[in-house]
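Asks: Attaching a predicted model along with its sequence, questions to come.
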Amino acid sequence: SYPWLRRDLPLKNMSRVPKVYSKTFTTPRRPFEKERLDHELKLIGQYGLRNKREVWRVKLVLAKIRKAARELLTLDESNPRRLFEGSALLRRLVRVGVLPEDQMKLDFVLGLKIEDFLERRLQTQVYKMGLARSIHHARVLIRQRHIRVRKQLVNCPSFVVRLDSAKHIDVSLNTAAGKLGRVARKKQQKHADGGDEEDEE
């Protein structure tokens, strides 16, 4: 039953170590807390998220960052670990666009909210740039491979857009600029057919 304990098996089978994956989200401790449920529902509607797991995933990322900041704040200001890891953490948050450059201190990291991270999602950026008619339309465009960041085609709505990449978000090169959707094409065809019938009469 335990293949790694058997000596008659070849070495290639013994070297297979099961992969360990860390959790990408954590479920809430209190599942039926009204305030939290209302807040999560509001975030899902505002940012066009698919389910609450997407909210919990961002919450875990924020919790890990705040935990690291709290741990570094307990150290002395001249501590080499605090200087090195603290500056790296702050630079990363500024590069992503979550933290403004004039607030590059660990104290401001503790004040970050989940909305700061949701604003940097590709789905939100596409909608705010006017490439989509709604936040939900932005998700559809990304999933249907119509959006690129620089030269890279991105089909993941939760892709985190860095500050320097925000101005390079554009429609994919393979997507025709004036291409109508399936419903719009059907409507146009219907109007055209209706116009032809009126001319015949």
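Replies: Nice, thanks for sending it over.

Asks: now the strands for this structure?
Replies: 147-149, 152-153, 169-171 (DSSP state E).

Asks: Nearest to His191, out of those?
Replies: strand 169-171 (25.7 Å; CB to CB). C-beta coordinates here come from the backbone N, C-alpha and C atoms, glycine included.

Asks: hey, where'd the helices end up in the chain?
Replies: With DSSP state H as the criterion, the chain has helices at 11-14, 34-47, 52-73, 80-96, 106-109, 114-118, 122-128, 135-143, 182-200.

Asks: returning to that earlier point: tabulate the strands of the chain (TSV), appending distance to Leu72, mean neighbour count and mean pLDDT.
Replies: Shown next, in TSV, are the strands of the chain (distance: least, CB to CB, whole Å; neighbours: other CB atoms under 10 Å; pLDDT from 0 to 100):
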stretch	distance to Leu72	mean neighbour count	mean pLDDT
strand 147-149	31	21	94
strand 152-153	33	12	94
strand 169-171	33	17	93
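
Asks: How many residues are close by Val109?
Replies: By other CB atoms under 10 Å, 23 other residues sit near Val109.

Asks: Quick check: which of the helices of the chain is buried the most?
Replies: Among these, the stretch with the highest mean neighbour count (mean count of other CB atoms under 10 Å) is helix 122-128, at a mean of 22.

Asks: Please name the residues that touch the most centrally placed residue in the chain.
Replies: By CA atoms, centre = their mean, the chain has its centre lying nearest to Ser158, at 2.1 Å. Taking CB atoms under 8 Å, 6 or more residues apart in numbering as the criterion, Ser158 is in contact with Glu54, Arg57, Arg121, Leu122, Gln123.

Asks: Against Glu33, how distant is the spatially closest residue to the first one that is not a sequence neighbour?
Replies: If I follow you right, that is Glu54. Using CB to CB, 6 or more residues apart in numbering and skipping residues adjacent in sequence, the residue nearest Glu54 is Ser158, 6.7 Å away. The gap separating Ser158 from Glu33 is 25 Å, by CB to CB, to the nearest Å.

Asks: and what of Ile44?
Replies: 16 Å.

Asks: just Gly86 next, same as before
Replies: Gly86 is 33 Å from Glu33, by CB to CB.

Asks: Below-threshold pLDDT in the protein: ranges please.
Replies: Applying pLDDT under 70 to the chain flags the ranges 1-15, 176-181, 195-201.

Asks: how does it look with 80?
Replies: 1-18, 175-185, 188, 194-201 (pLDDT under 80).

Asks: Would you mind giving the strands of the chain as TSV with distance to Val94 added?
Replies: Shown next, in TSV, are these (distance: least, CB to CB, whole Å):
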stretch	distance to Val94
strand 147-149	19
strand 152-153	22
strand 169-171	19
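
Asks: what about those, which gets the closest to Ala138?
Replies: Across the strands of the chain, closest to Ala138 is strand 147-149 (CB to CB), at 8.2 Å.

Asks: what separates Val61 from Ser158, distance-wise?
Replies: 11 Å.

Asks: which residues are contacting stretch 161-173?
Replies: In contact with stretch 161-173 (CB under 8 Å, 6+ apart) are residues 94-97, 120-122, 125-126, 129, 131, 145-150, 153, 177.
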